[in-house]
Structures are given as structure tokens and as C-alpha cells.
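> kindly generate the corresponding structure for this input.
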Amino acid sequence: MTASTLPPPAQETRGLLLELGIDAAAAQDGDLPVRSPITGETIARVRSADRAAATQAIAEADAAFRIWRDTPAPRRGELVRLFAAELRDAKQTLARLITLEAGKVVSESLGEVQEMIDICDFAVGLSRQLHGLTIASERPGHRMMESWHPLGVVGVITAFNFPAAVWAWNAALALVCGDALVWKPSEKTPLTALATQALLMRAAARFQHAPDGLSQLIIGGRDAAAPLVEDHRVRLVSATGSTAMGRAVAPQLAQRFARALLELGGNNAAIVCPSASLPLAARAIAFAAMGTAGQRCTTLRRLFVHEDIYAPLLETLRAAYASAPVGDPRAPGTLIGPLIDRAAHDAMQAALAEARSEHAVVTGGERLFAEDHPDACYVRPALVELARQSEIARRETFAPILYAIPYREFDEAIRQHNDVAHGLSSSIFTNDLREAELFLSARGSDCGIANVNIGPSGAEIGGAFGGEKDSGGGREAGSDCWRAYMRRATNTINFSSDLPLAQGVAFDLFGKGAAP
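Predicted coordinates:
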């Protein structure tokens, strides 16, 4: 399971924190224990913030915003460029910390940091393209235009599975748009947040002109997050998490007319058609379903396979599920690390028990290495073969469970594909142009992301990320993502000596040409 040369997670964590500029003592004397899912051991104890501290952080961010909004956008982009440089220098170290704290294999952690770098580069370019439109006016001697202005304080609430990248999606754009930040990370991954904040502060020191308080970090649970949702000074809340969390947050934001950018759950599916390349589909399915131990919002959870190719594809997948290397995510060759905690393991086992009660055929799903690591939760990914899409498959379980279901008619496959509450990501494997185009059409996938001959997991920052229905409806990254972090004003300029009114309205109180 582990290479004998790997140091204990707690020991390695202390060295990484020092390398990233975090006082090790400050990560050991707090009230909030941080455990590594690799062994289950406590690797740090950080200080959590209460409601009063969170409110103070918002106040400081609001004060910084009033300075930062006057900084020209290309200049704001320079801060983000410097942050990207810090990330490049610290890529290996930060990725290693993510692996220790979130349990992701090293290549995925490196990919997460690269995603942060990518969004920073994207944002730097956008800092010179925050443009509005010039609009034709119906009134002679008038010009209309739209202008975009910084929005205010942006609150960011992130989940454990991407402990840094999702914050960066928001932070890089918010900073170039002229906003200030308050970040409440998952209480399961606060060390990654502390390290990321330290790197941003290092960039700010090189920048020299960033106002104090521009980026705030609040560590804690729901009490720490509550002021972000309640405080009128926080104009946008970008929250990533469960659908239940989104249902709690959205009404509170709506009540005070704040903006919400919600990235919630996903019960993602793929359809494999008779014309598909089965070797290609198998490789894509394996990563999408088993990668990150099934703990991505875009993880593949439902697989609809045409009955003519069901047997050969499932034979390949059963072998892949039985042989996929599970173990310490730091060890070379490991592809699947641990679940984040015992609760995730218990939810997985409950779902598998329900599937077995429906006479499903289950490959894998058992716990591994429990004797050596009783406080860590390693599992073999589970392949569950169902005769039809039952209720258990319609519910998202945040674990490596893939439900495989045969289909006969393509229209029926699409109907079942869409017959769930979520609508985040989807894919189809086919070499039939008509099937691919139908899947991408209004009659096809109802998800925010729809792919052809590639799995639903693994997004690029050049495209908008987010979903429909219970997946929240928010969008991060992509071509017009910056608009969420700014407010729009419509401006009309009269450069004539007349005062015609729109729609031909007459209000000649003083007589034509007369002065009051």
C-alpha cells in the first residue's frame, strides 16, 4: 500500500509548511484538528475563526475594496501575474501539501496547482479586456454605452476535493475586476488555504501597492461562513458544496438581493453507443469514475451502454476495477487514494448495500488496508450493474461507485440520462454524427457540460464550468466569466443642444428652446 521510504504525513506536513512560509507553531496550537486521510493521523491544529472574527474580516475587505477599485484593471492584473509566478515556483510543494491533506494522488494535485496557474494567466489577459458596448441611440445627438465597475467584496466558500483551484477560479477574476476577497475553505483542508494565502501575500509584497485586507481567510465551520451569506457588504457569494448547502445559502442571498454563484453536486452520466471506440471509452470511463477516488463533482456515476456492446465493455471494466492501484497517494504508481473520511466510507457502503438489495451485481467496493490504517478509509472502487436505473442510481453518492445500465433505444438512453435532479456534466461515446449532434442539441443532454468521446470529468478554464437544475446554475471560468464579478451601468450621453425624450414622449413644460 505504501512505500517504506515515505515519511509520516505529520512530519512531512511540518516541512512543507515551513517551505511555504507558514510558521509551524501557528499550525499546531489551534483548536481545529487537521487530519490526513492517508493515515487518519492528525497533522496540524489550526485556529478557527468565530462569527465576530469573520465579520471583522469582511469589514477589512470592504475597506480594501474601496481602495482597490480605483486601481486600473491592467495594474490589478499585475498582482495576479505575480501570484501566478509564486504558484509556479511553489508548484511541487503546494501540490504535495494538497496530497497530504486531501488524499489526491500527486499527478492530480499537480494538476490542481496548474489549474490555478492557468486561471491566473487567463485573468491577466482579461484585465485588459473588461469592455462594454457602444449602443445606438434612437435620439439624435445622443450616444449610449455600457460600463463595468468593480462589484465589492466577494465571498468564496470551497470544498475539500479541490481545496485551492476553485478558490483561484474566483480569486483571480475577482482581483482583476477590482473586488476584495473573503475565503472560507473547507474545515477539512485549511492548511492548503493557509499556504495559498501565504503565496498571495508574498505576491502582494512584491506588488507593493495592494491595500491591506484585500484577501481575507476565515477558517472554521458553518458559524464562520454565516456572515459571508448574511452581511450586506458581501455582494457575491461563490459557494461550492452539496445541493443541501446550496438550498440553505441561496434563499438567504436572495433575501438581501446579493448575487450567488453556486457550484453544487453532480450525478453525471455517459452514454456508450454501438459505434463507439470501446478502448477509448474504457480509458475515459476509468478515469472519470475512479479518479480522485470518485470525489469530484464531475465524477462519472451512471453509465448507459447499448445492449449490443454491454458484455465486452463491462468485461473490460470489471478487470480495470479489480486491478486499479489503490494506496498511499504519494507512492509511485498509485492511481486511487483514500476517501476523505469515515463518513464518506459509510455513505458508500450504505449505497452499495441498497444496490445489493435490488439484486445488483457489485464488483469491488470493499475496504482496504484497515488493519494497517484503521483510521484511514481506502476502498476498491465499485462497479454496480443494474438492470434498470433505480432510485439508488438517481441519487449522488460522493464515492467511487459507477452504476452500469444497458439500453436498447437511443432516445430512452437520453431520457434516463436526464432523469435525475442534477445537471452538471455529461458525455457520449459515439462515431455516429447524428447521435453526437442530438446529444448536444436542445433535445439531448440537459447538463451545463456536454462532451463527445471524452469523459465528463476534467474541465479546462477556457470553458464555462457549472451546471443546471440541482447543480446550482452557476458558471465559473469561460469567456464572459468576469461579468459575475462586476456591476454594469448603462450610460447615455447627450452631446446636442436639444433634449428629445425616448419613445417620442413630449414634456414641453417651458416651451421649445425656452429656459426655465
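
> how many other residues sit next to the closest residue to L300 other than its chain neighbours?
In this structure, L300 finds its nearest non-sequential neighbour in A288, 3.7 Å apart by C-beta to C-beta, 6 or more residues apart in numbering. C-betas here are computed from N, CA, C, even on glycine. Neighbourhood size, A288 [other C-beta atoms under 10 Å]: 27.

> can you name every helix or strand that whichever strand or helix holds A288 contacts?
Assessed by DSSP states H and E, A288 sits inside helix 278-290. With contacts taken as 3 or more C-beta pairs under 8 Å, 6 or more residues apart in numbering; DSSP states H and E, helix 278-290 sits against strand 268-272, strand 300-306, helix 310-323, strand 401-407, strand 425-429.

> how far is that helix from where the chain is centred?
Computed by C-alpha atoms, centre = their mean, to the nearest Å, the chain-centroid distance of helix 278-290 equals 22 Å.

> now the strands: where do they sit in the stretch 351-500 of the chain?
361-363, 367-368, 378-379, 382-385, 401-407, 422-423, 425-429, 449-452, 468-469, 486-494 (DSSP state E, counting those that start in this stretch).

> what sits against T363?
By C-beta atoms under 8 Å, 6 or more residues apart in numbering, T363 lies in contact with 318, 321-322, 382-385.

> tell me the mean pLDDT for the longest helix belonging to the chain?
Using DSSP state H to define each element, the chain has its longest helix at helix 106-126. Summarised as a single mean, pLDDT over helix 106-126 is 98.

> what does stretch 325-335 give?
98.

> contacting residues around the residue nearest to L300?
Per C-beta under 8 Å, 6+ apart, neighbours of A288: 268, 270, 298-300, 427, 455-458.

> go through these and name the one nearest A343.
Closest approach between these and A343, by C-beta to C-beta: T299, at 17.1 Å.

> which residues touch the spatially most central residue of the chain?
Nearest to the mean C-alpha position of the chain, counting by C-alpha atoms, centre = their mean, stands V166 at 4.4 Å. In this structure, V166 makes contact with 156, 158-159, 240, 263, 476, judged by C-beta under 8 Å, 6+ apart.

> next: D31.
45, 47-48.

> now the phi/psi pair for it, please.
phi -100, psi -10 (degrees, to the nearest 10).

> farthest-separated two in the contacts of V166?
Of all pairs in the contacts of V166, the most separated under C-beta to C-beta is A159 and E476 at 13.1 Å.

> buried stuff in stretch 273-281?
273, 276, 281 (16 or more other C-beta atoms under 10 Å).

> could I get those as CSV with distance to E230?
Shown next, in CSV, are the buried residues of stretch 273-281 (distance: C-beta to C-beta, whole Å):
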residue, distance to E230
C273, 49
A276, 49
A281, 47
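
> can you pull the pLDDT of S479?
Listed pLDDT for S479 reads 85.

> which residues touch it?
S479 touches 462, 464, counting by C-beta under 8 Å, 6+ apart.

> distance check, it against A174.
Going from S479 to A174 by C-beta to C-beta, to the nearest Å gives 17 Å.

> if I look at the closest residue to A284 other than its chain neighbours, how far off is P279?
Nearest residue to A284, sequence neighbours excluded (C-beta to C-beta, 6+ apart): G455, at 4.0 Å. As defined by C-beta to C-beta, G455 lies at a distance of 14 Å from P279.

> swap in L314?
14 Å.

> list the contacts of R256.
230, 232.

> buried stuff in the longest helix of the chain?
Quick answer for helix 106-126 (16+ other C-beta under 10 Å): 106, 108-113, 115-120, 122-124, 126.

> tell me what angle that helix forms with helix 278-290.
90 degrees (axes from the mean of the first three to the mean of the last three C-alpha atoms, to 10 degrees).

> and the contacts of helix 106-126?
For helix 106-126, using C-beta under 8 Å, 6+ apart, the contacting residues are 77-78, 80-81, 83-84, 87-88, 90-92, 94-96, 98-99, 102, 104, 162-165, 168-169, 172-173, 175-176, 196, 291-292, 329-330, 460-462, 477, 482.

> over to stretch 199-210?
So stretch 199-210 is in contact with 20-21, 68, 71, 75, 78-79, 82-83, 85-87, 90, 94, 171, 214-215, going by C-beta under 8 Å, 6+ apart.

> wait, is D328 part of a strand?
No - counting by DSSP: H, G, I helix; E, B strand; the rest coil, D328 is not part of a strand but coil.

> pretty sure it sits against G337.
Yes - using C-beta atoms under 8 Å, D328 is in contact with G337, at 7.3 Å.

> and for those two, which residues touch both?
Common neighbours of D328 and G337 (C-beta under 8 Å, 6+ apart) are I38.

> so which of the two has more stuff around it?
G337 (27 against 23).

> now the more buried one: closest residue in space, sequence neighbours ignored.
P329 (3.4 Å).

> so who does the one you found touch?
38, 99, 103-106, 109, 337-338.

> around the closest residue to E146 other than its chain neighbours, count how many other residues there are.
Spatial nearest neighbour of E146, excluding adjacent residues (C-beta to C-beta, 6+ apart): G132 at 3.8 Å. Neighbours of G132 under the rule other C-beta under 10 Å: 14.

> from H142, how far out is G132?
In terms of C-beta to C-beta, G132 sits 16 Å off from H142.

> now E460
E460 sits 42 Å away from H142, going by C-beta to C-beta.

> more neighbours: which of these two?
The neighbour count for E460 versus H142, taken as other C-beta under 10 Å, is higher for H142 (17 against 11).

> any idea how far the more buried one lies from G478?
Distance from H142 to G478, by C-beta to C-beta: 34 Å.

> hmm, back to that, JSON lines for the helices and strands packed on helix 278-290, including distance to P500 and mean neighbour count?
Listed next are those as JSON lines, based on distance: least, C-beta to C-beta, whole Å; neighbours: other C-beta atoms under 10 Å:
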{"stretch": "strand 268-272", "distance to P500": "55", "mean neighbour count": "28"}
{"stretch": "strand 300-306", "distance to P500": "59", "mean neighbour count": "26"}
{"stretch": "helix 310-323", "distance to P500": "69", "mean neighbour count": "16"}
{"stretch": "strand 401-407", "distance to P500": "63", "mean neighbour count": "23"}
{"stretch": "strand 425-429", "distance to P500": "51", "mean neighbour count": "29"}
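
> out of the ones you listed, which is closest to H149?
That would be strand 425-429 among the helices and strands packed on helix 278-290, by C-beta to C-beta, at 33.1 Å.

> tell me the mean pLDDT over the helix holding A288?
For helix 278-290, mean pLDDT rounds to 98.

> just the CA trace of that helix, in PDB.
The C-alpha coordinates for helix 278-290 follow below in PDB (Å, rounded to 0.1, in the frame of the first residue of the first chain):
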ATOM      1  CA  LEU A 278     -14.500   0.700 -26.800                       C
ATOM      2  CA  PRO A 279     -10.800   1.000 -25.900                       C
ATOM      3  CA  LEU A 280     -11.200   4.800 -25.900                       C
ATOM      4  CA  ALA A 281     -14.400   4.700 -23.900                       C
ATOM      5  CA  ALA A 282     -12.900   2.300 -21.300                       C
ATOM      6  CA  ARG A 283     -10.000   4.600 -20.700                       C
ATOM      7  CA  ALA A 284     -12.200   7.600 -20.300                       C
ATOM      8  CA  ILE A 285     -14.700   5.800 -18.100                       C
ATOM      9  CA  ALA A 286     -11.900   4.500 -15.800                       C
ATOM     10  CA  PHE A 287     -10.500   8.000 -15.000                       C
ATOM     11  CA  ALA A 288     -13.900   9.700 -14.900                       C
ATOM     12  CA  ALA A 289     -15.300   7.200 -12.500                       C
ATOM     13  CA  MET A 290     -12.300   6.200 -10.300                       C
END
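
> alright, calling it a day.
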